[in-house]
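Colleague: no FASTA, just this:
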C-alpha cells in the first residue's frame, strides 16, 4: 500500500470536473494521485482527455500495482460501474481502504446504479444533500464540502425568489411548461435525477 497515494475513480463529467481541483490540491501537497475512469462514462473524454490527465479504465480485480491509502469516487447517475467495483474491492482488503464518494448533485450517490456499494463517507453539497443521503443510506457519515464548480450557492430559502426573478425575466408564468435539454448526450433517464 502506498502510504500517501489517492485513487480517484469517475464516470460522468460533473464530479470529474470538481475532482480535478481536488487532485491539483493533493498534488500540490505532494500526494500522488492515480485516475480511473469508467469506460462507458463521459468523464474520460470530456474532462480527463481534454486536460491531458492520464487515466486507466482498469477494474480492481485486474489491477496489479500498489494500493492507495484512500479511494475517492465521483458519484454518477449515469455510469458508476467502476466506482462500485473499486468501493467493493476496498472493503475486501485487510485492512479496508477508506472510500469517500463525492456527490456532484443532490442525490446522485443514491441512484439505483450505485446502491451496490457503500462508501465510508459521502461528501455532499449542503444539508439537504446530507438528508437525502441519510434517508437512503442510514448510518453513512456525510460531510458538507459544497461544489467547487458551482461557486457560491444561494441558501435554500432564497431559491423561490430567484426562480420568480428568472420567470419574470423570461416572461414564463408559474403554470407554464418549460422543457430544458442538456446532459451532453447522456441518457435521457438522467434528466429526472437533476
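Modeller: Sure thing, it's come through. Quick caveat, the model's predicted, so the values are computed rather than measured.
Colleague: contacting residues for residue 82?
Modeller: Taking Cβ atoms under 8 Å, 6 or more residues apart in numbering, we find residue 82 in contact with 9, 11, 36-39, 41, 57, 59. Heads up, the C-betas are built off the backbone N, CA and C, glycines and all.
Colleague: how close does residue 120 sit to residue 61?
Modeller: Computed as Cβ to Cβ, to the nearest Å, the residue 120 to residue 61 distance reads 21 Å.
Colleague: the more surrounded of these two?
Modeller: residue 120 (17 against 9; other Cβ atoms under 10 Å).
Colleague: okay, that one and residue 142: tell me how far apart.
Modeller: 11 Å.
Colleague: give me the distance between residue 37 and residue 78.
Modeller: 13 Å.
Colleague: pick out whichever of these two has more residues nearby.
Modeller: residue 37 (26 against 22).
Colleague: how about residue 144, phi and psi?
Modeller: phi -80, psi 120 (degrees, to the nearest 10).
Colleague: joint contacts of residue 37 and residue 78?
Modeller: What both residue 37 and residue 78 touch, as defined by Cβ under 8 Å, 6+ apart, is the set residue 11.
Colleague: got the residue ranges for the helices in this protein?
Modeller: 13-28, 43, 81-92, 127-136, 159-170 (DSSP state H).
Colleague: can you say which of those helices is nearest to residue 53?
Modeller: With Cβ to Cβ as the measure, helix 13-28 is the member of the helices of the chain nearest residue 53 (7.2 Å).
Colleague: what about the nearest residue to residue 37 once chain neighbours are set aside, how many neighbours?
Modeller: Among residues not flanking residue 37 along the chain, residue 44 sits closest, at 3.7 Å (Cβ to Cβ, 6 or more residues apart in numbering). The local packing of residue 44 (other Cβ under 10 Å) involves 23 other residues.
Colleague: how near is residue 44 to residue 75?
Modeller: Residue 44 is 16 Å from residue 75, by Cβ to Cβ.
Colleague: do the same with residue 172
Modeller: With Cβ to Cβ as the criterion, residue 172 and residue 75 are 31 Å apart.
Colleague: who's in contact with the closest residue to residue 127 other than its chain neighbours?
Modeller: Leaving out its chain neighbours, the residue that sits closest to residue 127 by Cβ to Cβ, 6+ apart is residue 144, at 6.7 Å. Shown in contact with residue 144 (Cβ under 8 Å, 6+ apart): 124-127, 129-130.
Colleague: same question for residue 97.
Modeller: Taking Cβ under 8 Å, 6+ apart, one finds 1, 67-71, 90 in contact with residue 97.
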